[in-house]
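> Sequence and predicted structure below; questions after.
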Number of protein chains: 2
Amino acid sequence: MTDNILSLNLATTRQQWGFAQAVDGCLRHGVTAISPWRDQVAAIGLSEAVSIVRANNLRVTGLCRGGMFPADSTEGRQRNVDDNLRAIDEAAALNADCLVLVVGGLPGSSKDIAAARGMVLDGIAAMLPHAEASGVKLAIEPLHPMYAADRACVNTIDQALDMAEQLGANVGIAIDVYHVWWDPKLPEAIARAGRMNRIFAHHICDWLVPTRDLLLDRGMMGDGVIDLKAIRALIEQAGYHGPQEVEIFSAENWWKRPGDEVVETCLQRFRTVC
Amino acid sequence: MTDNILSLNLATTRQQWGFAQAVDGCLRHGVTAISPWRDQVAAIGLSEAVSIVRANNLRVTGLCRGGMFPADSTEGRQRNVDDNLRAIDEAAALNADCLVLVVGGLPGSSKDIAAARGMVLDGIAAMLPHAEASGVKLAIEPLHPMYAADRACVNTIDQALDMAEQLGANVGIAIDVYHVWWDPKLPEAIARAGRMNRIFAHHICDWLVPTRDLLLDRGMMGDGVIDLKAIRALIEQAGYHGPQEVEIFSAENWWKRPGDEVVETCLQRFRTVC
C-alpha cells in the first residue's frame, strides 16, 4: 500500500494565497494534502482552518512549525516551550501527521553550539508529554548546515536520530531533500531512520546552481541538482511510502508566479522527476 | 614546540595586493608565513615567486589550490589530473607545507554525487605518485555542504579522512573552521584526524549572521559565531600545533579596505580570539 501523493506545503504559495485560497487552489488541481504554517492558520483562525480541512477531507501532512528552543535565559526557553505546547494543540486540532520542528540556532551572542543542541534536547523533552497525550508526532527537521547559526543547530539525519533515540518513539524526523542531499552518509542515515520507524515526512524541492540567496532561492523539482528519484527510492526502501510534500521558498521566481501555475508545475514535476 | 603563528592566505587581500605586494605587506607587520593562490603565483611567475619566498625566508603553509577533479568525460578528467601535476610542481618549488585540494562538484549536468566522489578519489590517486615523488603533501579541504554541487563534493572531515585512509599517508586534510564548525561530530572527527596524523593545515575566518552571499561573505575572526579558541584547542589536542592561516573572501567588506588594515586586524584578532 502506498499513499505517495503530492502534498502542498503552503509556504510554496505564501505570497499568492492565504489558507482558504490555497485549499481552493489545491482542490482545483486534485491536490488533497496540505501542510500549512502556523501564521497561515492563525490568520484565518484555527477553528475555521479545521472546518475547511474536515469539510474537504484533506490530509494534513504536517504543521509548520514548532521548535526554536534555544534562548539565553531560563524564562526565554520556557516561553519557547509554552509556544510549542500551543503548536501541539493546533497540530492535534488539524489532525496533522506531525508537528515539524525547526529547532533553532545559537541564542543571543552565544558561540556554544553544543549548548544550543542541549537546549533543543531539553526543549523537546519538555513538550513531549503533551505531544504524546495529544497524539501528535514530533518530526525534527535537520536543516542544511548553512542554517546552523540562526535557524537550526540540528544539521544531519544522524544527529536528529540520535536525539529521537533518546526521546522515544513519538519523536522522528522530517527528511527534506534540500537539507540533506549532500550528506555523504545519506543512504546509511535514511536506512537507519527506517529501521527506527522514524520517518514522519518527506519534503521535496531542488538545489539550484547557482543558489543566489541562502534562504529564499529554492528550486522547483527538476530545476536543480538533487537526484529526487534516487532519494525517494532510499526512503521507500526504508519503509516510508507516504506523501511527498513540496516546500519551495522562492522570492524571485515561484512566489512571483500565479499560484495555479505553481501547483500545476509541482504536479507535472512530481509525475516526471520525483 | 609550537609554531602557532599567523599565516596569511593571499586570497584575503586578493583585491588589494599581488604576490609581491602581499609579501611586502606581511613583512611590514611581522607576518612570515603565507599561502598563495596559483593565479597569484602565475601572475608574477613561479621563479620570481620562489625567489621572493627564499629571499625572505617565508614559510608557505599551503598552495591554493589543486583539485577540481570531476568532469563529464575521460579526457576532461585527464586534463584535470594534468593540471594537478603542474600544481604539485609549483607547490614543490615553493616548498609549500601542502597542496590544498578543493575537489570539485558535480560535472556537467550530473546529479550523481556518489559518482563525482568516485572521480575525486580516482583523481587524487592519479596524482599521488607524482606528489610523493616530489615531497608534496596533499591536503583535502572538506568544504561546507553549501558548496557540494559546484565546488567540492567532499563536505565533512570524516569523509575526507575516509578518502585519505584509502589513499595513504601522503594525503591528509586542511581544516577550515568556516566549512566544519557546524559539524555535530566535530570533536570526534578532529581527534580521528589527529590519530591518523593527517592534519596538514588549519584555516581560520568566521561565519557571519546573517551571511549575505554563499561565497564572498566570510567574516573576520571574532565577528561571527565560530568558537575559534575551542576549535583550536581540539586541533592542538589532536597534535597539530602549526600555523593558523587566515582565509577571508569578503567582497563587500575586507576586500574593500586597505591591505595593511586587513593584516593589522587579522593579527589583532589572532592574538585575542583565536
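Yes, it's here.
> what's the residue of the stretch 1-150 of chain A found nearest chain B in contact with, if anything?
Proximity of the stretch 1-150 of chain A to chain B (Cβ to the nearest Cβ) peaks at A:Ala148, 3.7 Å away. Glycine gets a C-beta too; all of them are placed from N, C-alpha and C. By Cβ atoms under 8 Å, 6 or more residues apart in numbering or on different chains, the contact list for A:Ala148 reads A:105, A:113, A:155, B:181-182.
> Would you check which pair of those residues lies furthest apart?
For the contacts of A:Ala148, with distances taken as Cβ to Cβ, the pair at the greatest spread is A:Gly105 and B:Trp181 (12.3 Å).
> show me what contacts A:Met196?
A:161, A:164-165, A:172.
> one more time with 7 Å
By Cβ atoms under 7 Å, 6 or more residues apart in numbering or on different chains, A:Met196 lies in contact with A:161, A:164.
> Name the residues that touch the helix or strand harbouring A:Glu90?
Per DSSP states H and E: A:Glu90 is located in helix A:74-93. Residues outside helix A:74-93 that contact it (Cβ under 7 Å, 6+ apart) are A:38, A:41, A:46, A:50, A:63, A:66, A:68-69, A:71, A:99, A:119, A:123, A:126-127, A:130-131, A:134-136.
> Return the members of the residues you listed classed as buried.
A:38, A:41, A:50, A:63, A:66, A:68-69, A:71, A:99, A:119, A:123, A:126-127, A:130-131, A:136 (16 or more other Cβ atoms under 10 Å in any protein chain shown).
> State the helix or strand in which A:Ala115 lies.
helix A:113-134.
> Could you list the residues in contact with that helix?
Outside helix A:113-134, the residues touching it (Cβ under 7 Å, 6+ apart) are A:69-70, A:77, A:80-81, A:84-85, A:88-89, A:92, A:101, A:103-107, A:110, A:138, A:148, A:153-154, A:163, A:166-167, A:170-171, B:182.
> Now a PyMOL select for only the buried ones of those residues.
In PyMOL syntax, the buried subset of these is picked out as below (16+ other Cβ under 10 Å):
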select buried, (chain A and resi 69+70+77+80+81+84+88+92+101+103+104+105+106+107+110+138+148+153+154+163+167+170+171) or (chain B and resi 182)
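> just checking, which of the contacts of helix A:113-134 belong to strands?
Residues from those lying in strands, with DSSP state E as the criterion: A:101, A:138, A:171.
> sorry, back to before: can you check what angle separates the helix holding A:Ala115 from helix A:74-93?
40 degrees (axes from the mean of the first three to the mean of the last three Cα atoms, to 10 degrees).
> For helix A:113-134, give the mean pLDDT please.
Averaged over helix A:113-134, pLDDT sits at 98.
> same question, stretch A:267-274
In this model, stretch A:267-274 carries a mean pLDDT of 98.
> For chain A, just list every one of the helices.
A:19-28, A:38-44, A:46-55, A:74-93, A:113-134, A:157-167, A:177-180, A:186-195, A:228-237, A:259-273 (DSSP state H).
> and the second one, how far out from the chain's middle?
If you compare the mean C-alpha spot of helix A:38-44 with that of the full chain, they lie 16 Å apart, counting by Cα atoms, centre = their mean, to the nearest Å.
> Then the first one?
Here the centre of helix A:19-28 is set off from its chain's centre by 19 Å, with Cα atoms, centre = their mean.
> Just the buried positions in it, please.
For helix A:19-28, by 16+ other Cβ under 10 Å, it's A:19, A:22-23, A:25-26.
> before we move on, what about stretch A:47-64?
For stretch A:47-64, by 16+ other Cβ under 10 Å, it's A:49-50, A:52-53, A:58-64.
> And for stretch A:215-228?
For stretch A:215-228, by 16+ other Cβ under 10 Å, it's A:217-221, A:223-228.
> got it, and stretch A:252-269?
In stretch A:252-269, counting by 16+ other Cβ under 10 Å, buried: A:253-255, A:259, A:262-263, A:265-267, A:269.
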